[in-house]
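*Asks:* next comes the sequence, and after it the predicted model I'd like to discuss.
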Amino acid sequence: MTATIFGVAVLAVQLLIVSTVVMLLYRGWKKRSSAVARGEIEVGVDGGRSIPLMASFAGVRGMPWWFAVATNNARPLLEILRSGLRYRVIRKRERSFAEIERVDVRTFWKTVNLDIAFRGDLLTLAANVGTLERAREALALFPPGVPMTPRAQAVLAGRAI
C-alpha cells in the first residue's frame, strides 16, 4: 500500500516538473517571438542591414522545404550587405548576390521563412523572420538582380500569398 502511495507521489512530482518546464519554454518562445517582431532592422558599421531572426536553418536542396539538417535559434544571423549576405546557422558565412539562385518566402503556422538557395550548393538557407511585414522589409533590401519566386515578389509588392 505504501509503495502505491509513494509511486503516485513520485508521478505527481514528475508531472509537475514536466508541466513547469513546458510552460517556461512556451513563455520564453512567446517572449522571443514578440521581441523579434518588434525588433528593428539595424544598420551595422559596415553598412550591412541586420535582420532580426527567430531561427535559421540549413535545408537540403530537393528535400521538402520544412526539412532541415541544422538549426540555430540561439544566435541566428542574417545580414544583407552591399556585396551579398552574411548568415549563421552553425558557423558564420558570407555569400555574394551572384551566388543566389533564388529567394522564396514560405509560411506555415506562425512562421515566415526566407528560403534562399545558392548556385551549385547542396544546402539552402531558411531564415525565420517572424512576420510577413519583416519579410517584405528584408526582401526590399535585396538588389533588383536577385532572382525571386512569385511568392517572394508578391510579398515584396505587399500582396497576400
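*Replies:* Here it is on my side, so go on. Residues are numbered from 1 along each chain as shown.
*Asks:* report the contact partners of residue 155.
*Replies:* 105, 132, 135, 136, 139, 161 (C-beta atoms under 8 Å, 6 or more residues apart in numbering). In short, each C-beta sits where N, CA and C put it, glycine included.
*Asks:* so the first one, which of the three states?
*Replies:* Classification of residue 105 by DSSP: H, G, I helix; E, B strand; the rest coil places it in strand.
*Asks:* and stretch 88-101, what's its mean pLDDT?
*Replies:* Mean pLDDT, stretch 88-101: 93.
*Asks:* and the strands in this protein?
*Replies:* Per DSSP state E, the chain has strands spanning 42-43, 49-50, 55-60, 68-72, 77-80, 84-88, 92-96, 100-108, 111-118, 123-128. These are given in chain order.
*Asks:* comparing those by mean pLDDT, which bottoms out?
*Replies:* Per-stretch mean pLDDT for those is lowest at strand 42-43 (a mean of 76).
*Asks:* can you list the domains in the chain?
*Replies:* What automatic domain parsing lists as the domains of the chain is 1-38, 42-157.
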